[in-house]
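Engineer: My questions are about this predicted structure, shown below with the sequence.
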Amino acid sequence: MSWLGNIIKSVFNNDGSQKKPSEKKPTSKKSESAVKSFTLKTMSKKQLEEHGRTLGIELDRRKTKAKLIAQITAAQ
């Protein structure tokens, strides 16, 4: 059977069993800040400006994205 056939078979021949969700371990502050910085890096400059407004700071979109992220992290 081809790889496409295997995919179709796995989708339609589901026996209803599901994996049990694993318990999440509490995250440390360091990992939380890493996640926040990752989400900031994925935002556009316009989204960063809007997020900055929610924090009470006004950002200039003419600056680089890295400088905008630095201003947001300094405000938090």
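Structural biologist: In hand now; what should we look at?

Engineer: ok, and what's touching stretch 39-52?
Structural biologist: With contacts defined as CB atoms under 8 Å, 6 or more residues apart in numbering, stretch 39-52 is touched by E58, L59, R61, K65, L68, I69, Q71, I72, T73, A75. Backbone N, C-alpha and C define where each C-beta goes, glycine included.

Engineer: Distance of the fourth one relative to Q47?
Structural biologist: Shown here: K65 relative to Q47, a distance of 10 Å by CB to CB, to the nearest Å.

Engineer: ok, now the last one?
Structural biologist: Noted for A75: a distance of 16 Å to Q47, by CB to CB.

Engineer: So for the helix or strand harbouring G52, what gets flagged as buried?
Structural biologist: Using DSSP states H and E, G52 falls within helix 45-54. The neighbour-count check on helix 45-54 (16 or more other CB atoms under 10 Å) flags K45, L48, E49, H51, G52 as buried.

Engineer: go on, stretch 52-66?
Structural biologist: G52, L59.

Engineer: mind checking which helix or strand of this structure has the lowest mean pLDDT?
Structural biologist: helix 29-42 (a mean of 69; mean pLDDT, DSSP states H and E).

Engineer: what's the most distant pair in the contacts of stretch 39-52?
Structural biologist: Farthest apart among the contacts of stretch 39-52 by CB to CB are R61 and T73. That separation is 17.1 Å.

Engineer: now L68: how far from F38?
Structural biologist: Distance from L68 to F38, by CB to CB: 15 Å.

Engineer: With K67 instead?
Structural biologist: Applying CB to CB to K67 and F38 gives a distance of 18 Å.

Engineer: Pick out whichever of these two has more residues nearby.
Structural biologist: K67 (12 against 9; other CB atoms under 10 Å).

Engineer: Tell me where the model's unsure across this structure.
Structural biologist: In the predicted model of the chain, residues 1, 14-37 satisfy pLDDT under 70.

Engineer: ok and the helix or strand hosting A74 relative to helix 45-54, angle-wise?
Structural biologist: Element membership for A74 (DSSP H and E) is helix 65-75. Angle, helix 65-75 to helix 45-54, by axes from the mean of the first three to the mean of the last three CA atoms, to 10 degrees: 20 degrees.

Engineer: Fine by me, thanks again.
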